[in-house]
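Student: Quick check, what structure comes out for this input:
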Amino acid sequence: MRRAWMSVPYRAGSLNTKPGRKVLYVSLRMKASSTRAPGKRTKPPEKSLLSPPAPPARHQGEEQKTNLLRGRFKLARLPEVEAFSASLPFDRRLYRHDILGSIAHARMLARVGLLTSREANAIEAGLKEIEREIESGRFQFDLADEDIHLAVERRLTEKIGAAGRKLHTARSRNDQVALDLRLYLRDEIGSVIQLLRALVRSLAAVAARHLETVMPGYTHLQRAQPISLAHHMLAHIDMLERNRERFEQALARTGVMPLGAGALAATTLPIDRKAVARELGFKQIAANSVDAVSDRDFVLDFLTAAAILTIHLSRMAEEIILWTTAEFGFAELPDEFSTGSSMMPQKKNPDLLELIRSKSGRVAGNLVAMLTVLKALPLGYNSDLQEDKERVFDTLDTLKPMLSLMAQLWPRITFNTAAMGAAAGGFALATDLAEYLVQRGVPFREAHEAIGTLVRELSAAGRTLSAVTLAELKTLSPAFQADALKLLTPEHSLRARKVAGGPAPETVRRRLAELGRKRVL
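Tutor: Now for the predicted structure:
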């Protein structure tokens, strides 16, 4: 048997690239069976640009000294185990927040006398240098470090010596990673809320231009009653406002400081958790040390809000797809948001919208995956929780472009207002006639039956309501007068729907003004 370097696929990828860049491989040192013929030298494997430098020689079974946690063990972990267990290929994305939390922790340790001022200053300076190294791509990640926390601590000790080995005083990776993820999500949820607001403003701008653009409203995907394009935009705005509320609630529940909980039972050392919380901008500290390291409800809150939002974006995308078909003909996509066909030269496909529609399933899947991870975990930290970060990262990487692209798309859509208005007439005005009778004392069920009979007869004759005569209306009910014929335009129907929450232009205008006063727009 000979040892050979083998590059194998891994879920997050090569370590020594800049954080946030998509990468495909890590390389593992694995045993491979020799297939060489007796007496022949084996040709060394070719190295690609992704191949790592050869590792230092070591005796079989001897523990590497790069991992900070292996004092308990005589033998090294198998490379395959290291690769499978390490979260460093993806959690290095938390480096800024890990360093931020460590600086606050070091300052607190100095205040309570567990570090000297010189040691705390050296730690802070060293951590800031490491942050610059990571940002510039000069930091050399080592899979043996397992995660971003140990990678930063190892490098800090290399840079400043013994003081670096004191940083982890009164701290566990269990409370450290909970802190990092809360800090990270706090920033990212804020970004999502801003993107949501941008999309709401985009929809409001479309609404303001189309207060009197009549279109059919739909139930069961069948034409129902006239509304306005502005009113339809406001329906999406109200959905997005509920999304914003959910993210703000998730943000509030993320703002709990877990550091100081230790592995699960806090510490015997005299630390000041509230001081760290104040420095990091948390309004409260976790009240129970076991819950502090076990809790991922804040992740579920975020993923739930994200899943519901992407479902709303999917519905929005589906409507635009329908409107831009020849069958509807309500709108046309801008060229810069459209895709052609490799075979059919006439095609103008809504690929972007189809992907937004499909990626909602991906985000919902991340929520289901995280629920499944948590469903049977006993209290205390378990490595199952390592799965939270990839669910969060993937959701953010999917959601944020969806929001940004939708906000850019809506103002560029060309609407065929004539086609919309034409589709809003005809039998979509039937309820207006029924309510005309109700205003004149006819019970609604009688009015409903009479107009239903009229619709059936006109439809059989190939006619619509716009062609009905007063004489025909009077055969249904003597309550019909000449003014009933004025009802049979979609514009009249729209203006008559003045109730709060209705589609009348003046009602929609008031709603837009109300949103502006609330600083939603």
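Student: who's in contact with the residue most central in space within the chain?
Tutor: Centroid-nearest residue in the chain, with CA atoms, centre = their mean: L399, separated by 3.5 Å. Residues near L399 by CB atoms under 8 Å, 6 or more residues apart in numbering: V192, A306, L309, T310, V363. Every residue, glycine included, has its C-beta placed from N, CA and C.
Student: mind listing what the last one touches?
Tutor: In this structure, V363 makes contact with L303, A306, A307, T310, T395, T398, L399, judged by CB under 8 Å, 6+ apart.
Student: Next up, the contacts around the fifth one.
Tutor: In this case it means T395. By CB under 8 Å, 6+ apart, the neighbours of T395 are F302, L303, A306, V363, N366.
Student: wait, is it part of a helix?
Tutor: Yes. Applying DSSP: H, G, I helix; E, B strand; the rest coil, one finds T395 inside a helix.
Student: Can you add secondary structure, pLDDT and distance to E318 and give the contacts of L399 back as CSV?
Tutor: Converted to CSV, the contacts of L399 look like this (DSSP: H, G, I helix; E, B strand; the rest coil; pLDDT from 0 to 100; distance: CB to CB, whole Å):
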residue, secondary structure, pLDDT, distance to E318
V192, helix, 98, 22
A306, helix, 98, 19
L309, helix, 98, 15
T310, helix, 98, 12
V363, helix, 98, 16
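Student: The nearest residue to E318 once chain neighbours are set aside: which element?
Tutor: Nearest residue to E318, sequence neighbours excluded (CB to CB, 6 or more residues apart in numbering): R357, at 5.8 Å. Here R357, judged by DSSP states H and E, is contained in helix 351-374.
Student: Buried residues, that helix. List them.
Tutor: By 16 or more other CB atoms under 10 Å, the buried positions in helix 351-374 come out as 352-353, 355-357, 359-360, 363-364, 366-367, 369-370, 373-374.
Student: which one among those residues gets closest to S493?
Tutor: Taking CB to CB as the measure, S493 lies nearest L353 of these, at 30.0 Å.
Student: wouldn't that closest one be in contact with A317 here?
Tutor: Yes. Assessed by CB atoms under 8 Å, L353 is found in contact with A317 at 4.0 Å.
Student: Any figure for the gap between E435 and L371?
Tutor: 47 Å (CB to CB, to the nearest Å).
Student: How about A110?
Tutor: 41 Å.
Student: try I160
Tutor: 42 Å.
Student: Then A204?
Tutor: Taking CB to CB, one finds A204 at 35 Å from L371.
Student: F282 too?
Tutor: From F282 to L371 the distance is 26 Å (CB to CB).
Student: do the same with R495
Tutor: For R495 relative to L371 (CB to CB), the value is 48 Å.
Student: Over to A277?
Tutor: Distance, A277 to L371, using CB to CB: 29 Å.
Student: Now stretch 338-346: average pLDDT?
Tutor: Taken as a whole, stretch 338-346 has a mean pLDDT of 94.
Student: who touches that stretch?
Tutor: Here stretch 338-346 makes contact (CB under 8 Å, 6+ apart) with K347, K348, N349, P350, D351, L352.
Student: Am I right that L269 is in contact with H168?
Tutor: No. At 11.7 Å, L269 does not count as touching H168 under the criterion of CB under 8 Å.
Student: contacting residues for L303?
Tutor: Applying CB under 8 Å, 6+ apart to L303 gives the contacts V363, N366, L367, M370, R391, V392, T395.
Student: List the buried residues in the helix or strand where it lies.
Tutor: Assessed by DSSP H and E, L303 sits inside helix 297-323. The neighbour-count check on helix 297-323 (16+ other CB under 10 Å) flags 298-314, 316-317, 319-321, 323 as buried.
Student: hang on, the earlier thing: neighbour count for L269 and H168, which is higher?
Tutor: For L269 versus H168, neighbours defined as other CB atoms under 10 Å are more numerous around H168 (17 against 14).
Student: Now do that one against G262, distance only.
Tutor: Going from H168 to G262 by CB to CB gives 11 Å.
Student: Same check on H448?
Tutor: 69 Å.
Student: With A418 instead?
Tutor: 69 Å.
Student: Looking at those two, which is more packed in?
Tutor: Neighbours were counted for A418 and for G262 using other CB under 10 Å; G262 has more, 21 against 11.
Student: shouldn't that one be in contact with D175?
Tutor: Yes. The criterion here is CB under 8 Å, and G262 meets it with D175 at 5.9 Å.
Student: Give me the common contacts of the two.
Tutor: Both G262 and D175 are in contact with V293, where contact means CB under 8 Å, 6+ apart.
Student: ok, L309 - contacts?
Tutor: L196, L240, N243, R246, F247, L399, L403.
Student: which two in the residues you listed are spaced the farthest apart?
Tutor: R246 and L403 (14.1 Å).
Student: Which one of these two is surrounded by more residues?
Tutor: Legend: neighbour count by other CB under 10 Å for R246 and L403, higher for L403 (23 against 17).
Student: Tell me the secondary structure at the more buried one.
Tutor: L403 ends up helix, using three-state DSSP.
Student: Wait, it touches L195, no?
Tutor: Yes. Counting by CB under 8 Å, L403 touches L195, with 3.9 Å between them.
Student: pLDDT weak spots in this structure?
Tutor: 1-70 (pLDDT under 70).
Student: show me where it has strands.
Tutor: With strands called from DSSP state E, the chain shows them at 2-9, 25-32, 214-219, 222-228, 256-257, 284-285, 331-332, 414-415.
Student: Now tell me what touches stretch 409-417 from outside.
Tutor: With CB under 8 Å, 6+ apart as the contact definition, stretch 409-417 has outside contacts at 199, 202-203, 205-206, 210, 213, 229, 320, 329-334, 336-337, 352.
Student: That stretch: how far from the chain's middle?
Tutor: Its chain's C-alpha centre and that of stretch 409-417 lie 25 Å apart, by CA atoms, centre = their mean, to the nearest Å.
Student: ends of that stretch, how far apart?
Tutor: This stretch, stretch 409-417, spans 18 Å end to end (CA to CA, to the nearest Å).
Student: Flag every buried residue along it.
Tutor: For stretch 409-417, using 16+ other CB under 10 Å, the buried residues are L409, W410, I413, F415, N416, T417.
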